[in-house]
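Next come a sequence and a model predicted from it.
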Amino acid sequence: MATTKLATGKPRTLGGGRKPWRVALSAPTSSYSRYRVTFKEPDKETGTWSWTSRTADEHSEESARALFAKTERWLDGLSDHAPARQRVKAERTISALGQLMLDQNSKKLEERTVEQRESHLNAHILPTIGDVSVDKWRLSHSEMVMEKAAKTCGVARLGDIRTTLSVMRGIAHREGWLSPEFNPLEGLETAKQQEYHGAGKGYVDPSLRPETRMVDAMAAAAEKLVADGYQSFARLPYLGTKYRVAGYGGLRSGEQNALRAWDVYFDEGWVFVTGSWTQPRRDKKPAFRGPVKNKRPHEVPLPASLMEELYPVVRDALGLPVGATMQQVLNAQRAERLRRGKLVQSPDRWWEVQVDPADEAWLFVDTTTGLPVRSELHNDYWHKVRRWVSKNDPDNEWPVSITYRNMRHHAATFWHDELGHDWPDVALFLGDELTTVLNHYVRAGADVLKRAVKNLRDY
């Protein structure tokens, strides 16, 4: 049965030939049940133009005429991409778009930025709309992502997730996966972070700074789970000590993992932070000990009780017997620092020597691999400990809204509020710029408010 043409395009001579040809929109027939647009396009390899056809996304004349118009625009040079086949569209899912974004970003952005976007994808975007075809991506899908993320994420992270969606939208438009007439983020409302009067942009709300009792409870729980052989906690024998180093020393996660036996100065009362354990996520490269953030090695004072707690950790890392004295530990540390100092021809810069990670004396090691723990395993154990405390020690429950890295905020307030150190001292211990520390922890007028509350207690 002959087809019923609903529309024909302008005459064209693209691809050569004596007779011009036209784009044609045909209605369904008894032998073909879909609206169809026929036209010529060049072969990707040979460049030879030949007839082809596309079907509309929806079984309606409106959708078919939109496809016809899109084909005409492409042939007129007003669009960079020809209408895709249904099979190709089916392969162009949000999941595939996310992978394309990561591949493109990894060529021009810092690895940390790419890792953050990959985290947004895996945690929030793909589980929610990963199977959605990109050409059908609409505002409702973006709202689903943000609604789900809002249940566990703060305002700042929600903004980062929206940025990742925006990057994906831009790629979808450029690659022709999504028509420019559709903007799946237009009208998407996200909460904006409210700033306290007198607070800097990076101000950390006191409710997000762990209290000392919470830090101690988490460390004690970790020790108990290790001692009890709970699940596979024995892989990280000094997990409780690691939590205390994080909570009272303010070390970043990578800095904690990079600590070695030589970095602990028992006779001085501090640890020397000179590197950060880096775990590449986007490629197959092995983890390595890189430079400390800001490239500023710094000393971090620790409570005397915690320094004593580190003694068996260092002893074991050095391979000394259980009965080894503190002096024997000190002698071994000094000998190795001296040896490394000679290798770099500078005794004061012994820590610059690069050693095979398998041969390094790590403090907080995964006994299964012999290396610092991977972030995925660390996070898994952290949440197990948190849930255990919530069930067995509810008075000291660690809120899910406070992440592990906020241990650093406890150290900062502990040094300032309980020990009386000035903020420049705190910045020195954290290895941060003073302006960064002031933005995080200082709010103008806070002391005035405290005095006012004190004065009103008798009224």
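Okay, I see it.

What about the closest residue to R289 other than its chain neighbours, how many residues nearby?
Excluding its sequence neighbours, the residue lying closest to R289 (C-beta to C-beta, 6 or more residues apart in numbering) is G275, at 4.7 Å. For every residue, glycine as well, the C-beta is placed using N, CA and C. G275: 22 surrounding residues under other C-beta atoms under 10 Å.

can you start the count at 36 instead of 1 from here on
Sounds good: first residue 36 from here, last item G310.

List the contacts of G310.
G310 makes contact with 290, 293, 324-327, 386 under the criterion C-beta atoms under 8 Å, 6 or more residues apart in numbering.

out of those, which is most surrounded?
Neighbour tally across the contacts of G310 (other C-beta under 10 Å): the maximum, 27 neighbours, falls on A293.

Does that residue touch W312 like I think?
Yes. Contact criterion C-beta atoms under 8 Å: A293 and W312 qualify, at 4.3 Å.

Overlap in contacts, these two.
Common contact partners of A293 and W312 (C-beta under 8 Å, 6+ apart): 324, 407.

buried set for stretch 150-169?
Neighbour counts over stretch 150-169 (16 or more other C-beta atoms under 10 Å) mark 150-153, 155-156, 158-161, 163-164, 167-169 as buried.

wouldn't A296 be in contact with L365 here?
No. In this structure, A296 is not within contact of L365 by C-beta under 8 Å, at 11.1 Å.

what about those two, which has more around it?
Shown here are A296 and L365; by other C-beta under 10 Å, A296 has more neighbours (22 against 15).

Please list all residues in contact with the more buried one.
Contacts for A296 (C-beta under 8 Å, 6+ apart) come out as 349, 352-353, 367-368, 371, 396, 398.

how does it look with 6 Å?
The contact partners of A296, taken as C-beta atoms under 6 Å, 6 or more residues apart in numbering, are 349, 352-353, 396.

Spatially central, which residue of this structure would that be?
In the chain, the residue lying closest to the centroid (C-alpha atoms, centre = their mean) is Q151, at 3.1 Å.

Where does that residue sit, in terms of helix or strand?
If you go by DSSP states H and E, Q151 is part of helix 146-155.

again with Y346
Under the criterion of DSSP H and E, Y346 resides in helix 339-353.

before we move on, what SS does A117 have?
Using DSSP: H, G, I helix; E, B strand; the rest coil, the structure places A117 in coil.

now, which of the contacts of G310 lie within helices?
Judged by DSSP state H, the subset of the contacts of G310 located in helices is E290.

Would you format the contacts of G310 as TSV with pLDDT and distance to E432 included?
Below are the contacts of G310 laid out as TSV (pLDDT from 0 to 100; distance: C-beta to C-beta, whole Å):
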residue	pLDDT	distance to E432
E290	96	27
A293	96	30
R324	91	35
G325	90	35
P326	90	37
V327	90	33
W386	91	39
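
so what pLDDT did K320 get?
Reported pLDDT at K320 in the predicted model: 79.

can you check V169 too?
Looking at V169, its pLDDT is 92.

quick one on the thing from earlier: now do the buried residues in the helix holding Y346.
Judged by neighbour count using 16+ other C-beta under 10 Å, the buried positions of helix 339-353 are 341-342, 344-345, 347-353.

What of stretch 467-485?
Buried residues in stretch 467-485, counted by 16+ other C-beta under 10 Å: 467, 472-476, 478.

other SSEs contacting the helix holding Y346?
helix 274-284, helix 361-378 (3 or more C-beta pairs under 6 Å, 6 or more residues apart in numbering; DSSP states H and E).

Please work out which of those helices is packed deepest.
Comparing the helices and strands packed on helix 339-353 by mean neighbour count (mean count of other C-beta atoms under 10 Å), helix 274-284 ranks first with a mean of 24.

And the buried residues of stretch 150-169, which two are furthest apart?
Pairwise distances across those peak at 26.9 Å for E150 and S168 (criterion: C-beta to C-beta).

Mind picking out the helix or strand in this protein with the poorest mean pLDDT?
Ranked by mean pLDDT, DSSP states H and E, the weakest helix or strand in the chain is helix 481-490, scoring a mean of 72.

Put together TSV for the buried residues of stretch 467-485, with pLDDT and distance to L213 on each row.
Shown next, in TSV, are those (pLDDT from 0 to 100; distance: C-beta to C-beta, whole Å):
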residue	pLDDT	distance to L213
D467	93	42
V472	93	44
L473	91	44
N474	89	39
H475	90	39
Y476	91	44
R478	82	44
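
What is the nearest of the residues you listed to A117?
Using C-beta to C-beta, the buried residues of stretch 467-485 come closest to A117 at N474, 50.8 Å.

Distance-wise, check K142 relative to L135.
To L135, K142 is 12 Å away according to C-beta to C-beta, to the nearest Å.

Comparing these two, which shows the higher neighbour count?
Applying other C-beta under 10 Å to K142 and L135 shows that L135 carries more neighbours, namely 17 against 7.

In terms of pLDDT, where does the more buried one sit?
In this model, L135 carries a pLDDT of 93.

And the helices in the stretch 36-185 of the chain, which stretches?
For the stretch 36-185 of the chain, helices defined by DSSP state H, counting those that start in this stretch occupy the ranges 96-110, 121-126, 129-140, 146-155, 161-164, 174-184.

Going by neighbour count, which residues of the longest helix along the chain are buried?
In the chain, with assignment by DSSP H, the single longest helix is helix 190-209. Going by neighbour count (16+ other C-beta under 10 Å), the buried part of helix 190-209 is 192-193, 195-197, 199-200, 202-204, 206-208.

One more: stretch 64-71?
For stretch 64-71, the neighbour count (16+ other C-beta under 10 Å) marks 69-71 as buried.

Pick out whichever of the residues you listed sits closest to T276.
Looking across the buried residues of stretch 64-71 and measuring by C-beta to C-beta, the closest to T276 is R69, at 67.0 Å.

do you know how far the closest residue to that closest one other than its chain neighbours is from E76?
In space, and not counting its chain neighbours, R69 is closest to T90: 4.4 Å by C-beta to C-beta, 6+ apart. Using C-beta to C-beta, we find T90 at a distance of 15 Å from E76.

swap in E246?
66 Å.

which one of those two has more residues nearby?
Legend: neighbour count by other C-beta under 10 Å for E246 and E76, higher for E76 (18 against 15).

can I assume the more buried one is in contact with W86?
No. In this structure E76 lies outside contact range of W86 using C-beta atoms under 6 Å: 8.6 Å.

returning to that earlier point: can you give the distance from the least confident helix or strand of the chain to the centre of its chain?
39 Å (C-alpha atoms, centre = their mean, to the nearest Å).

and R173, which of the helices and strands packed on helix 339-353 is closest to it?
Among these, helix 274-284 comes nearest to R173, with 43.1 Å by C-beta to C-beta.

Give me the contact list for the closest one.
With C-beta under 6 Å, 6+ apart, helix 274-284 has contacts from 250, 253-254, 257-258, 261, 291, 335, 337-338, 341, 344, 348, 399, 442, 445-446.

what does the model give K330 for pLDDT?
pLDDT, read off for K330, is 85.

hmm, I was thinking of P241
88.

name the helices or strands packed onto the helix holding Q151?
helix 190-209.
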